[in-house]
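**Student:** With the sequence up front, the predicted model follows.
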Amino acid sequence: MKLDLPDCLRHRLVRDIALTLVIKLVVIIGLYQAFFADHGVPVDADTLADHISNPQQSTRTAPGAPHDY
Amino acid sequence: MITEELVDLSRLQFAVTALYHFLFVPLTIGLAVMLVVMELTYVITNRPVYKDMVRFWGKLFGINFALGVTTGITMEFQFGTNWAYYSHYVGDIFGAPLAIEGLMAFFLESTFIGLFFFGWDRLNKWQHFMVTVLMALGSNLSALWILIANGWMQNPVGSEFSFITMRMEMTDFWAVVFNPVAQAKFVHTVSAGYVTASLFVLGISSYYLLKGRDLEFARRSFRVAAGFGFASVLSVIVLGDESGYTVGEAQQTKMAAIEAMWETEPAPASFTVFAIPNEAEMRNDYALHIPYVMGLIGTRSLTKELPGIKEIKAKNHERILSGIHAVTALEALRKNRDDAAALALFEQHKADLGFGLLLKKYTVDVSQATPAMIQQAVDDTIPDVTPLFWSFRIMVALGFAFLALFSLALFYSIKGNFIEKKWLLRWALWFIPLPWVAAELGWVVAEYGRQPWTIYGVLPTHLSVSNLSVGNVYASLAGFVIFYTVLLVIEVYLMQKYARLGPASLGTGRYFGETRHGETAAVKPAHA
């Protein structure tokens, strides 16, 4: 069965751009999940004060981050 | 542990994403305004060729916008991940213009871009023209708010540090908005975008003229680009000079490094056209000067001196010594907020807190810093001179080359014989990539010249970085580079594909190739 595309999607450039946007969103979500999700650095006044006081000993990144330093 | 490698990698990651992002931005900013000029001409004259110009150049604008739009979002991720301490320290101020940019400018731009492309048959020509105006306004307002945020990093006005919240807190919103550094950067940057778009249109129109195709369309596009580009390149140069003046006031260190000005010269200082900076011995070899120019640019006066690097270092030495008191007082206040002696000491020295923090790179207890450590921190306050010196000069040289090109293009446009000047058309075609080179070098001057600070004089870069694993930053950096390169390849492919196809891609039946080789088979006129 042939897909009945909306008028705007029959234009080749629009299809190209729409496909690019979808791929881009998927890749960005992938990058976010791989490198950023759960890697947030919770910072408040006390952790910042500790960090400034002794940057070499400041607390390592995030809850759930798989690091052991 | 926060190592130099981690700091450098985080900086590199942000620089790479910013530089990639800025490959897309200038064309969006500039083409949007050029579309307004073309469409205004259409609504006044009612000539179909101008409508075709808006639709064709608008198509290239759309490709650029679609490919570039999300490259900026990843930078905002990085504030939270790679620059968490920075985000806490200055987020109350830095976050405000970014939020306004999203709500006011980006939403406006995105909404009206949809109407721009799909509103041709639904809106009358004046309504559609207003849509184009609002789209251009959105993209330029977007630049304004981003540059207000960036200008505050260069010249942090309207704010004060609170030792209780450990944040910079806004004291004067309008001082942040009307920060002279931000305003000068905004007009300089958007003008650079207008030059980029003008040269893009001029170069592609020249290609059609050299090929002897789509002559009426290309001739009118060439003329619009020549006039708009000439006005824009004059603005870039004049407003770049204004930027130099504000840099001189707010960031004399950057100015001295750009000029490789080791000693304070008698006013008015000369401009160094060429030299080989010798950073180790703090002198320039083979220097060629133009008298008075630098003093006039940097101070707008014949009598005010611009301090040289050695004098700036001496002042910074004093500020670091004062900053040591601010840091020790801050640490005492964090332990006991009611410590009146510490509070008095902190109030006395808090203007130099950032300079004291520079020592944290070398020692935990800044009160025990040795003279060698203090000297290292003093040396850190001056960014590397050679990259700044050359980046600035190449950028300026390109600016004057664009001025020459647009002057000639406008001159021959007025005379009406530019089609015969094949050398001019080839020059315009081959110059298409160079505004991007100039724009990227401008960012290098602005941001590399801000080092060793994320916020000038307030927060050193090495204290701004999150404590991440080096491996993670390497991996995400590689991910960004691969992903952005793919985007760039798609952008260049689509741009050259539609540029080669030309206005025939509109499917009006009036342009080159539409009746030959089936070029239009790929583009259905009814839906163009």
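**Tutor:** Now that the structure is in, tell me what you want to look at.

**Student:** what's the distance between the residue most central in space within chain B and chain A?
**Tutor:** The centroid of chain B falls nearest to B:Trp443 when counting by C-alpha atoms, centre = their mean (4.9 Å). In this structure, B:Trp443 and chain A are 23 Å apart, going by C-beta to the nearest C-beta, to the nearest Å. Glycine gets a C-beta too; all of them are placed from N, C-alpha and C.

**Student:** Who are the contact partners of that residue?
**Tutor:** With contact set as C-beta atoms under 8 Å, 6 or more residues apart in numbering or on different chains, B:Trp443 has these partners: B:18-19, B:22.

**Student:** swap in B:Val273?
**Tutor:** Residues counted as contacts of B:Val273 (C-beta under 8 Å, 6+ apart) are B:288-290, B:393.

**Student:** part of a helix, is it?
**Tutor:** No - counting by DSSP: H, G, I helix; E, B strand; the rest coil, B:Val273 is located in no helix; its state is strand.

**Student:** tell me the mean pLDDT for stretch B:236-246?
**Tutor:** Mean pLDDT, stretch B:236-246: 78.

**Student:** just stretch B:173-193 next, same as before
**Tutor:** Averaged across stretch B:173-193, the pLDDT comes to 93.

**Student:** so how far is the first residue of stretch B:149-161 from its last?
**Tutor:** Stretch B:149-161 has an end-to-end distance of 17 Å (criterion: C-alpha to C-alpha, to the nearest Å).

**Student:** before we move on, the earlier item: among the contacts of B:Val273, which are located in helices?
**Tutor:** Of the positions in the contacts of B:Val273, B:Arg393 sit in helices, assigned by DSSP state H.

**Student:** restrict the contacts of B:Val273 to those near chain A?
**Tutor:** Among these, none lies close to chain A by the criterion of C-beta under 8 Å from any C-beta of the partner chain.

**Student:** possible to save the contacts of B:Trp443 as TSV with pLDDT and secondary structure?
**Tutor:** Shown next, in TSV, are the contacts of B:Trp443 (pLDDT from 0 to 100; DSSP: H, G, I helix; E, B strand; the rest coil):
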residue	pLDDT	secondary structure
B:Ala18	92	helix
B:Leu19	91	helix
B:Phe22	91	helix
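
**Student:** How much space separates the residue nearest to the centre of chain B from B:Thr71?
**Tutor:** Separation of B:Trp443 from B:Thr71 (C-beta to C-beta, to the nearest Å) stands at 14 Å.

**Student:** any common contacting residues for these two?
**Tutor:** With C-beta under 8 Å, 6+ apart, B:Trp443 and B:Thr71 have no common neighbours.

**Student:** any idea which helix is longest in chain A?
**Tutor:** helix A:12-31.

**Student:** Give me the helices and strands touching it, please.
**Tutor:** helix B:48-68, helix B:73-81, helix B:470-501 (3 or more C-beta pairs under 8 Å, 6 or more residues apart in numbering or on different chains; DSSP states H and E).

**Student:** picking that back up, quick one: which of the contacts of B:Val273 is nearest chain A?
**Tutor:** For the contacts of B:Val273, the closest approach to chain A (C-beta to the nearest C-beta) belongs to B:Arg393, at 36.1 Å.

**Student:** Could I get the contacting residues of that closest one?
**Tutor:** B:273-274.

**Student:** One more: the one 3 residues further on?
**Tutor:** Residues near B:Val396 by C-beta under 8 Å, 6+ apart: B:Gly240.

**Student:** Only the buried residues of the strand or helix carrying B:Phe116, if you could.
**Tutor:** Assignment of secondary structure by DSSP states H and E places B:Phe116 within helix B:107-118. By neighbour count with 16 or more other C-beta atoms under 10 Å in any protein chain shown, helix B:107-118 contains the buried residues B:108-109, B:112-113, B:115-117.

**Student:** farthest pair in those residues?
**Tutor:** Using C-beta to C-beta, these span at most 15.6 Å, a distance reached by B:Leu108 and B:Phe117.

**Student:** where are the low-confidence patches of the chain?
**Tutor:** Chain wasn't specified; assuming chain A. Within chain A, the set of residues satisfying pLDDT under 70 comprises A:1-10, A:13, A:39-41, A:57-69.

**Student:** meant chain B actually
**Tutor:** Residues of chain B meeting the criterion pLDDT under 70: B:1, B:246-250, B:515-528.

**Student:** show me where it has strands.
**Tutor:** In chain B, the strands defined using DSSP state E lie at B:159-162, B:167-170, B:271-278, B:283-290, B:453-455, B:459-460.

**Student:** The last one pairs with which strands, and in what direction?
**Tutor:** Paired with strand B:459-460 in the same sheet, following DSSP bridges, are strand B:453-455 (antiparallel).

**Student:** Name the residues that touch the strand it pairs with?
**Tutor:** By C-beta under 8 Å, 6+ apart, strand B:453-455 touches B:83, B:86, B:89-90, B:152-153, B:156, B:168, B:354, B:459-461, B:464.

**Student:** Mind putting the strands of chain B into TSV with distance to B:Gly95?
**Tutor:** Formatted as TSV, the strands of chain B follow (distance: least, C-beta to C-beta, whole Å):
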stretch	distance to B:Gly95
strand B:159-162	12
strand B:167-170	10
strand B:271-278	38
strand B:283-290	42
strand B:453-455	13
strand B:459-460	15
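
**Student:** Out of the buried residues of helix B:107-118, the closest to chain A would be?
**Tutor:** For these, the nearest to chain A is B:Phe117 (7.9 Å; C-beta to the nearest C-beta).

**Student:** Quick check: that closest one touching B:Arg55?
**Tutor:** No - counting by C-beta atoms under 8 Å, B:Phe117 stays clear of B:Arg55, with 9.1 Å between them.

**Student:** Find the closest residue to chain A in the stretch 351-500 of chain B.
**Tutor:** Residue of the stretch 351-500 of chain B nearest chain A, by C-beta to the nearest C-beta: B:Ser476 (4.1 Å).

**Student:** Next, count neighbours for that residue.
**Tutor:** Using other C-beta atoms under 10 Å in any protein chain shown, B:Ser476 has 26 neighbouring residues.

**Student:** and if you look at B:Val492?
**Tutor:** Residues lying near B:Val492 (other C-beta under 10 Å) number 12.

**Student:** next one: the one 5 residues further on
**Tutor:** Around B:Lys497 sit 14 other residues, with neighbours defined as other C-beta under 10 Å.

**Student:** Same check on B:Lys335?
**Tutor:** Neighbours of B:Lys335 using other C-beta under 10 Å come to 10.

**Student:** Also B:Thr303?
**Tutor:** With other C-beta under 10 Å as criterion, B:Thr303 counts 9.

**Student:** hang on, it packs against B:Ala267?
**Tutor:** Yes - counting by C-beta under 8 Å, B:Ala267 is a contact partner of B:Thr303 at 5.2 Å.

**Student:** what residues are up against the residue of the stretch 151-300 of chain B found nearest chain A?
**Tutor:** Residue of the stretch 151-300 of chain B nearest chain A, by C-beta to the nearest C-beta: B:Met166 (4.1 Å). With contact taken as C-beta under 8 Å, 6+ apart, B:Met166 is in contact with A:45, A:48-49, A:52, B:88-89.

**Student:** Go again with 10 Å.
**Tutor:** The contact partners of B:Met166, by C-beta atoms under 10 Å, 6 or more residues apart in numbering or on different chains, come to A:43-52, B:85, B:88-89, B:330, B:334.

**Student:** of these, closest to B:Asp384?
**Tutor:** Nearest to B:Asp384 out of the contacts of B:Met166 is B:Tyr85 (C-beta to C-beta; 24.0 Å).

**Student:** Which positions in stretch B:55-65 come out as buried?
**Tutor:** Buried residues in stretch B:55-65 (16+ other C-beta under 10 Å): B:55-65.

**Student:** gap between the residue lying closest to B:Tyr207 once chain neighbours are set aside and B:Tyr194?
**Tutor:** Excluding the flanking residues, the one nearest B:Tyr207 by C-beta to C-beta, 6 or more residues apart in numbering or on different chains is B:Leu429, at 5.4 Å. Per C-beta to C-beta, B:Leu429 is found 19 Å from B:Tyr194.
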